[in-house]
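Peer 1: next come a sequence and a model predicted from it.
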Amino acid sequence: METPDKQNIIFGYYVNDELQGYRQDSFGSLSMDHPKIYGYSPEQIEIIRKNVKDELSHSGSSLLDMLFGKEDEITQNLLKKEELKREWGDFEVRVMLFPVDREEWYDACTEGEEYKKAAILAKIGDVIEVMKFKTLKNEN
């Protein structure tokens, strides 16, 4: 499927074809109702692919550990998010077309009109690419 250069996309995380959430921020947090909107480009998709691989190897929590220490709440929260993804084993990150522009989405979010947000989320478009990941439960 061809994608227009200006198309907005989001990244959905799926385990056994069940949506676990949409990528919400640069740290790989997931949310069912607050996806981070990206502009489509092959480079952007590669950045997310690399970021997901890094998240699976604890790169984010390792960095925060160096900066703030293991007991820091932010470090612990990020570590929990990384561990959750590792527990999934096999999972997919689907690149999906987003049905509206960023301004329309942010207006619906800031106005607190949940019905508008729900209607937009219900219209999430086609999957244009699928990235598959596998984690091992007992790796050395």
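Peer 2: That came in fine, so what should we check first?
Peer 1: so which bits of stretch 70-87 are buried?
Peer 2: For stretch 70-87, the neighbour count (16 or more other C-beta atoms under 10 Å) marks 75, 78-79, 81-82, 85-86 as buried. Every C-beta, even on glycine, is put in place using the N, C-alpha and C of the backbone.
Peer 1: which stretches in this structure count as helices?
Peer 2: Under the criterion DSSP state H, the chain carries helices at the ranges 42-56, 59-68, 73-87, 102-110, 114-122.
Peer 1: which residues are in contact with the last one?
Peer 2: Residues from elsewhere that reach helix 114-122, judged by C-beta atoms under 8 Å, 6 or more residues apart in numbering: 33, 35, 99-100, 104-105, 108-109.
Peer 1: if I pick the residue nearest the centre of the chain, what's in contact with it?
Peer 2: Central residue of the chain (C-alpha atoms, centre = their mean): Arg23, 1.8 Å from the mean position. Taking C-beta under 8 Å, 6+ apart as the criterion, Arg23 is in contact with 10-13, 29-30, 35-36, 48, 93.
Peer 1: out of the residues you listed, who's the most crowded?
Peer 2: The member of those surrounded by the most neighbours (other C-beta atoms under 10 Å) is Phe11, with 25 neighbours in all.
Peer 1: quick one: it and Lys117, what's the gap?
Peer 2: Using C-beta to C-beta, to the nearest Å, Phe11 is found at 18 Å from Lys117.
Peer 1: buried set for the lowest-mean-pLDDT helix or strand in the chain?
Peer 2: Of all regular secondary-structure elements in the chain, judged by mean pLDDT, DSSP states H and E, the least confident is helix 59-68 with a mean of 74. Using 16+ other C-beta under 10 Å as the burial criterion, the residues of helix 59-68 that qualify are 60-61, 64-65.
Peer 1: understood, closing this out.
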